[in-house]
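Undergrad: just the structure for this:
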Amino acid sequence: MKVSVSFLKYQNSKAETIQKISQTSADYIHVDIMDGLFVSQKNDDLDEFINLLKDCNKPLDIHLMVLNPLVYINKLKVLNPMFITIQAEILNPLVYIKQIKKANIKVGLAINPNTDISLLDNYLKYIDLVLIMSVNPGLGGQKFIEEVIPKIKKLKSKNVLISIDGGINDETIKLVKEDVDICVSGSYICLSDNFEKQINKLRL
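TA: Below is the predicted model:
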């Protein structure tokens, strides 16, 4: 299981937090971007993200919690991310899936806790990763929603990477670590005094 670290919550500054993640054994940096429409929170200053991440030494795992991903994809592709993940609940996901593929970037589809897994059926053959949200998207530091675990079990037979995001710590990871390829953890790592120690606890 690989670890992707989200810096949605941080202690001092985004720049310092990204630098600290870069110095760990984390496999990816998870980048949460929100438009204030798909979720009520907004943090979509793309120039700021590009400036913060352009010299990053870790592969980027970008999650777009936005209604219209097109402008985001076109601008963020300069970062050469490993993944760009969009929400399955938006209109016409296939349009954006093709746009991401065209940029030679791996595609993820995120699915919210209350969304039925069947929504993914028409898209699985086009994507590389499914991001199971185990909290309602938008805010860091929420409690893990155990009801999403059956979704992971259903996806196990599909030819797709499975990632889990939300409320991941050294206890909740035990519920899913045998079945997921990537775990996304934010507050548990970035609000701690020792990022590497927390990452290692997730891998134990």
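Undergrad: C-alpha only now, for contacts and for neighbours.
TA: Noted.
Undergrad: helix, strand or coil: sort out the residue lying closest to A103 once chain neighbours are set aside for me.
TA: Distance criterion C-alpha to C-alpha, 6 or more residues apart in numbering; nearest residue to A103, sequence neighbours excluded, is K77 at 6.9 Å. At K77 the chain is in helix, as set by DSSP: H, G, I helix; E, B strand; the rest coil.
Undergrad: and the helix or strand of the chain with the lowest mean pLDDT, how far out from the chain's middle?
TA: In the chain, no helix or strand scores lower on mean pLDDT, DSSP states H and E than helix 149-155, which sits at a mean of 94. How far helix 149-155 lies from its chain's middle: 17 Å, per C-alpha atoms, centre = their mean, to the nearest Å.
Undergrad: please apply the same query to stretch 55-75.
TA: For stretch 55-75, the distance to the chain centre is 10 Å (C-alpha atoms, centre = their mean).
Undergrad: same check on stretch 36-53?
TA: 14 Å.
Undergrad: gap between the two ends of that stretch?
TA: 22 Å (C-alpha to C-alpha, to the nearest Å).
Undergrad: buried residues in it?
TA: 38, 44, 49-50, 53 (16 or more other C-alpha atoms under 10 Å).
Undergrad: now do stretch 142-155
TA: For stretch 142-155, by 16+ other C-alpha under 10 Å, it's 144, 148-149, 151-152, 155.
Undergrad: mind putting those residues in a markdown table, distance to A88 included?
TA: Shown next, in a markdown table, are the buried residues of stretch 142-155 (distance: C-alpha to C-alpha, whole Å):
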| residue | distance to A88 |
| --- | --- |
| F144 | 20 |
| V148 | 15 |
| I149 | 18 |
| K151 | 14 |
| I152 | 16 |
| L155 | 15 |
